[in-house]
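Enquirer: when you get a sec, could you give me coordinates for this:
(2 chains)
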Amino acid sequence: MLTIKNLHASIEGTPILRGINLEVKAGEVHAIMGPNGSGKSTLASVLAGREEYEVTEGEVIFQGKDLLELAPEDRAREGVFLAFQYPVEIPGVSTTNFLRTAVNQVREYRGLPALDAVKFLSVMKEKMKLVEIDQKLLSRSLNEGFSGGEKKRNEIFQMAMLEPTLSILDETDSGLDIDALRIVSNGVNKLKSDKTATIVVTHYQRLLDYIVPDFVHVLYNGRIVKSGTKELAMELEEKGYDWIKEEVNAASV
Amino acid sequence: MSKDNKILEELTSKDYEHGWSVNLEADEAPIGLNEDIIRWISAKKEEPEWLLEWRLKAFNNWLTMTEPVWANVHYPKIDLQGLRYYSAPKKSNKPKSLDEIDPELLQIYERLGINLNEQKRLQGIAVDAVLDSVSVGTTFKETLSKLGIIFCSFSEAVHEHPELVKKYLGSVVPMTDNYYAALNSAVFSDGSFCYIPSGVRCPMELSTYFRINAANTGQFERTLIVADEGSYVSYLEGCTAPKRDENQLHAAVVEIYAAKNAEVKYSTVQNWYPGDKSGKGGIYNFVTKRGICAGDHSKISWTQVETGSAVTWKYPSCILKGDYSIGEFYSVAVTNNYQQADTGTKMIHIGKNTRSRIVSKGISAGKSQNSYRGQVQVMKRASNARNFSQCDSLLMGDRCGAHTFPYIDIQNPTAKVEHEATTSKIGEDQLFYCNQRGISTEDAVALIVNGYAKEVLNQLPMEFAVEAQKLLALTLEGSVG
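Expert: Residues are numbered from 1 along each chain as shown, chains lettered A, B, ... in the order given. Predicted coordinates:
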């Protein structure tokens, strides 16, 4: 589904990603871990098409298409979803109104008819259950005055509505208490299928107790320096990242 | 170039939709301004002697006045002697009914989306259509007159209801009020007149549609709305003008009188030609709008969506004279390219327990300058006066300006006045967030701007609100990323 080859990206001339290689297949869950500043969030942003980042080398193929050639909105329409670490507020625009615009633009791109208000609401009701989100919250201005947990739940709700093929969760666990973490993870798990894939970007192993990854990759200095299975995440939780840094530094001497 | 700027470049490409004009044979005053011209206009309109005298008095006052320069707008001096003060399509000669209006004039309005044929119109809105210096037709006059409501052109009111005109003309905006109001008092040509009798709730929206067609002509219309005790009316005003390279002057006066327990809601969607992308041409919109809540428990509410004009100078205000009277001002002012707007309101609290509310939303894009100027004045005897003001500015790109000039003058210690102000930018973060959900940048801008202006747009009558939303998006199309 997704092939990343030797991806290099920089911001304002400073290289952040220095040759990422990753292969994600349908049905898989990949966790990207790593110490602060290793480039985890940059990877998520580059995949979604954020313009501040300049891709200097490499390629990203998503379902046979050159992802880097596509505008951010077209990537979304093709089925790439990013759950933001810090979702923005849009005053005066309700989540419902926002999502109706989004869903219908995505449907138009895919050659599907627009959903009318009634149909849209019935789809919404169904998806609301997945993330145990209250309709009152959805009629409020998007993310304005939402608690950290409400924002993240709203991200997953949007994911449910947009039905992406590839979901990238950027530090979705940050700022969540244990109950919110469970609800959000349940939502993600229910949305998984053998046709979709998930990339979970996280600093802590905690989230991976709920969203169990098939593969765990450790990002350090803009490269994937170690890949493994869930056990690797457990090891990182126990020992921290220092031993990996040492291993990498020793190898490069 | 940042993404914001790139989007700005793209956004400023949209053309003004109502920029066409037609060749009409016109009855015109000679160019220039002097007593003879005023006599000419008055004679043309077959006005009674008292009105001519009133005009001349205004003119003589005006001669002693100087152009105001305090507004945060810059434009070359207007040659008022180089303008024409009256231009009426020849075909507009006093149609007795709507059926007699010349089809060519009807077509102009149809092209603007205003159908003057009552059968074809949506029920619920009566229109007075003003073209250049004259009213070409008013719809639903008979229906309204059954309720005692008078809705007609100003000229007609002068002849048919002189006692009302005489009583209220200049009662809210005195002829000496300011430079442009004095000028308007001297040369005004037409406009709408509306009287709602005691206890009547006007069953339909009343509206005036102003269109400038002639070149090199100033439009000086005058609107007078009188709501007698316990009555209610909602009034709409719309306006467009052709694209011309020269600037054109529009200096109107609107007066509203609300008696005891009366309520007037006045909504404007101002879409005069704003000039081209390089700032050439466009309307100078120098307007005095004021209402007086003369009676206790009366209410006047102004809602304006300002998207057009090269330069706007306009402060719809409320004099809260009656006890417990309420004044409201809701405004969205959008400027793009080289447009300049200096707009806001005055709330003068005179009566006890008076309340006012100001919600102003400025949106600046391109190289435009957008200023809010507002005054809240609480007089000595206005105990327990309340005011809440909220002035927000939204910036698009980094070459425009937003300014806020609030003046607060409190002479009664029991007054409670609150002022909130915010300035924000449409951030790349917000746009990227929308893009990531599959929403195109243009639609994202429209979504964000309409969300920002929602509190004001919600005040507009339904049919207008939809129009206004489209207009906002259109005005800003190409201006942000």
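Enquirer: what's the helix or strand for the residue in chain A that chain B sits nearest to?
Expert: At 3.0 Å from chain B, residue A:92 is the closest residue in chain A, using C-beta to the nearest C-beta. The way it works is simple: take the backbone N, C-alpha and C, and place the C-beta from them, glycine included. Residue A:92 belongs to strand A:90-94 when assigned by DSSP states H and E.
Enquirer: off-centre distance for the helix or strand where residue B:184 lies?
Expert: Counting by DSSP H and E, the element that carries residue B:184 is helix B:179-187. In terms of C-alpha atoms, centre = their mean, to the nearest Å, the centre of helix B:179-187 is set 16 Å apart from its chain centre.
Enquirer: next SSE after that helix?
Expert: Following helix B:179-187 toward the C-terminus (DSSP H and E): strand B:192-196.
Enquirer: quick check: residues of the stretch 151-253 of chain A near chain B?
Expert: Residues of the stretch 151-253 of chain A lying near chain B by C-beta under 8 Å from any C-beta of the partner chain: A:158, A:162.
Enquirer: where along the stretch 151-253 of chain A do the strands fall?
Expert: Shown for the stretch 151-253 of chain A, the strands assigned by DSSP state E, counting those that start in this stretch span residues A:166-170, A:197-201, A:215-220, A:223-228.
Enquirer: give the other helices and strands that the second one contacts.
Expert: Translated: strand A:197-201. strand A:29-33, helix A:40-48, strand A:166-170 (3 or more C-beta pairs under 8 Å, 6 or more residues apart in numbering or on different chains; DSSP states H and E).
Enquirer: how about the second one and chain B, any contact?
Expert: Yes. Looking at helix A:40-48 against chain B by C-beta under 8 Å from any C-beta, the contacts come from residue A:48.
Enquirer: beta partners of the residue most central in space within chain A?
Expert: For chain A, the residue nearest the mean C-alpha position is residue A:168 (1.8 Å; C-alpha atoms, centre = their mean). Beta-bridge partners for residue A:168, by DSSP bridges, are residue A:82, residue A:199.
Enquirer: what's the answer for residue B:209, then?
Expert: residue B:129, residue B:238.
Enquirer: quick one: pLDDT of it?
Expert: We have a pLDDT of 80 for residue B:209.
Enquirer: circling back to that earlier point, could you give the mean pLDDT of the strand holding residue A:92?
Expert: Rounded mean pLDDT across strand A:90-94 is 92.
Enquirer: ok so, going back, reformat the strands of the stretch 151-253 of chain A as CSV; add mean pLDDT.
Expert: Output for the strands of the stretch 151-253 of chain A, formatted as CSV (pLDDT from 0 to 100):
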stretch, mean pLDDT
strand A:166-170, 96
strand A:197-201, 96
strand A:215-220, 94
strand A:223-228, 93
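Enquirer: mind checking which of these is nearest residue B:406?
Expert: Residue B:406 sits nearest to strand A:166-170 of all those, at 41.4 Å, using C-beta to C-beta.
Enquirer: show me what the closest one is packed up against.
Expert: Judged by 3+ C-beta pairs under 8 Å, 6+ apart, the packing partners of strand A:166-170 are helix A:40-48, strand A:80-83, helix A:178-191, strand A:197-201.
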